[in-house]
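>>> Provided below are the primary sequence and the corresponding predicted coordinates.
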Amino acid sequence: MRIIALLVFGLVAGCGAPRTILYPEQADIQALRKVESFQVKPVRNEFAPDPAWGIERKEWTDTKLYWNAAVIKEFVESKGRRFYELPPSTEAKQGAIVEIEVLDIDIGNYAFFSYRPAKISAVVTITDAQTKKMLYKAKAQGETSGGGGWETTKWGSRTKFAHLDVVWAILEMIGNEKP
């Protein structure tokens, strides 16, 4: 009986363990702490969907816009230092510029009794707008983790929450709170 209790406790304790999302390659934390505002560029996602997913080109394009809007909204509505959307053809003059480039996506799946979370691999960079000095660069691994509920039955929403997983890690690293 004691062994079973230890196994159950071990499983429960292991389930709540935090997971690493950001893998920093370069970090000037002191300079980052001095930044008062951040300009967020649109998410870059330059690759085509896997043909096995059966996603039409227009649906893919529309969904990328949906992901970008969700990412920008999450940054802008966070509590703490201010984040602003930086339109594609605009150059930031103050604060720091946040960029997320998605390198790979696994859309996961949902089939009644079967569920596999969506995952993204990305590179996150934060650059000083005036000096163009890189303040932070990290590889990121986001996945649909909690939240989302019924929304995660659809591939676009599952993947949106994988994007937001990365955003939440950035907000935590910066010191902001989720909306």
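Here it is on my side, so go on.
>>> Now do the spatially closest residue to residue 134 that is not a sequence neighbour against residue 60, distance only.
Once flanking residues are discounted, residue 134 sits nearest to residue 127: 5.4 Å by Cβ to Cβ, 6 or more residues apart in numbering. C-betas here are computed from N, CA, C, even on glycine. Residue 127 sits 28 Å away from residue 60, going by Cβ to Cβ, to the nearest Å.
>>> Quick check on those two: which one has the bigger neighbour count.
Per other Cβ atoms under 10 Å, whichever of residue 127 and residue 60 has more neighbours is residue 127, with 19 against 15.
>>> ranges for the strands of the chain?
For the chain, the strands defined by DSSP state E occupy 22-27, 37-40, 82-85, 96-106, 109-111, 114-116, 119-128, 134-143.
>>> ranking these by mean pLDDT, which is last?
In terms of mean pLDDT, the lowest-scoring of those is strand 114-116 (a mean of 77).
>>> Tabulate the strands of the chain (JSON lines), appending distance to residue 162.
Converted to JSON lines, the strands of the chain look like this (distance: least, Cβ to Cβ, whole Å):
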{"stretch": "strand 22-27", "distance to residue 162": "14"}
{"stretch": "strand 37-40", "distance to residue 162": "17"}
{"stretch": "strand 82-85", "distance to residue 162": "20"}
{"stretch": "strand 96-106", "distance to residue 162": "8"}
{"stretch": "strand 109-111", "distance to residue 162": "13"}
{"stretch": "strand 114-116", "distance to residue 162": "12"}
{"stretch": "strand 119-128", "distance to residue 162": "5"}
{"stretch": "strand 134-143", "distance to residue 162": "4"}
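>>> between these, which gets nearest to residue 166?
The closest of the strands of the chain to residue 166 is strand 134-143. By Cβ to Cβ, the value is 3.9 Å.
>>> tell me which residues of stretch 108-123 are tucked away?
Under the neighbour-count criterion of 16 or more other Cβ atoms under 10 Å, stretch 108-123 has 108, 110, 117-123 buried.
>>> do you know how far residue 145 is from residue 64?
Residue 145 is 21 Å from residue 64, where distance means Cβ to Cβ.
>>> just for this structure, where's the confidence low?
1-18, 146-149, 152 (pLDDT under 70).
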